[in-house]
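**Q** next input, structure requested:
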Amino acid sequence: MTEQQIIEGIRQGDESAFRELVDQYQQMVVNVCNRFVHNRDDALDLSQDVFIKAYHSIDRFRGTSRISTWLYRIAVNHSLNFIRDKKRRNIFSSLDVLFDHSGSSPVERAADNGEEAQEQMERKENNNRVYQALESLPKKQRVALTLNKLEDLPYKQVAEIMDISVSETGVLINRAKKKLQKKLAENIKKA
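**A** Numbers count the residues shown, from 1 in each chain. From the prediction side, this is the model:
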């Protein structure tokens, strides 16, 4: 099916057209969501929500861009909303971890597993530093950098997804890289 046939089919309530949309773009949407939320299970859940949103808003698809660009926009916005909501929930879950009644702290449990646990903790800590530095960037810079560097999309496609010019995309990515390098350098000095 062509993109136009898929869109028209969905508008007419054709389930096979919707299945075709999901089949063609599900992996892309899951990958985009995963790049932002860093959790495969959450990304899978978010991708389902993205396709439901696309289905319900198919009449608003203007056809001025490709379906993939439209789905990218929905996936990015949905992922950013998820992150914002999750930050609010994390305050309470952090308190739950502190008051865990299992009898052992996370540090004690990790010590039981020896050197392997130490390596895993260091790797996780390094990843967390990068993700925290990335999360501290302004929203537009974070989105542009994530799409370009982690999703490996060219500036032109990032510009389409973000609905900005290609030159603005380049500026956002360059500023994001500089800020990210500075934050990571600061973290290394603190460690």
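**Q** host element of the residue nearest the centre of the chain?
**A** By Cα atoms, centre = their mean, the chain has its centre lying nearest to Phe36, at 1.9 Å. Assigned by DSSP states H and E, Phe36 belongs to helix 15-37.
**Q** what comes up buried for that helix?
**A** Within helix 15-37, the residues that count as buried by 16 or more other Cβ atoms under 10 Å are 17-18, 20-21, 25-26, 29-30, 32-37. Every residue, glycine included, has its C-beta placed from N, CA and C.
**Q** how much space between the residue nearest to the centre of the chain and Gln27?
**A** Separation of Phe36 from Gln27 (Cβ to Cβ, to the nearest Å): 16 Å.
**Q** okay, domains of the protein per the record?
**A** By the assignment in automatic domain parsing, the chain contains the domains 1-99, 105-191.
**Q** flag the shaky bits of the protein, pLDDT-wise.
**A** 87-115, 188-191 (pLDDT under 70).
**Q** all helices for it, in order.
**A** With DSSP state H as the criterion, the chain has helices at 3-11, 15-37, 40-56, 67-98, 106-112, 114-135, 139-145, 155-162, 166-190.
**Q** pretty sure His38 contacts Tyr131?
**A** Yes: if you go by Cβ atoms under 8 Å, His38 and Tyr131 touch, sitting 6.1 Å apart.
**Q** which of the two has more residues huddled nearby?
**A** Here His38 and Tyr131 are compared on neighbour count by other Cβ atoms under 10 Å; more neighbours surround His38, at 15 against 11.
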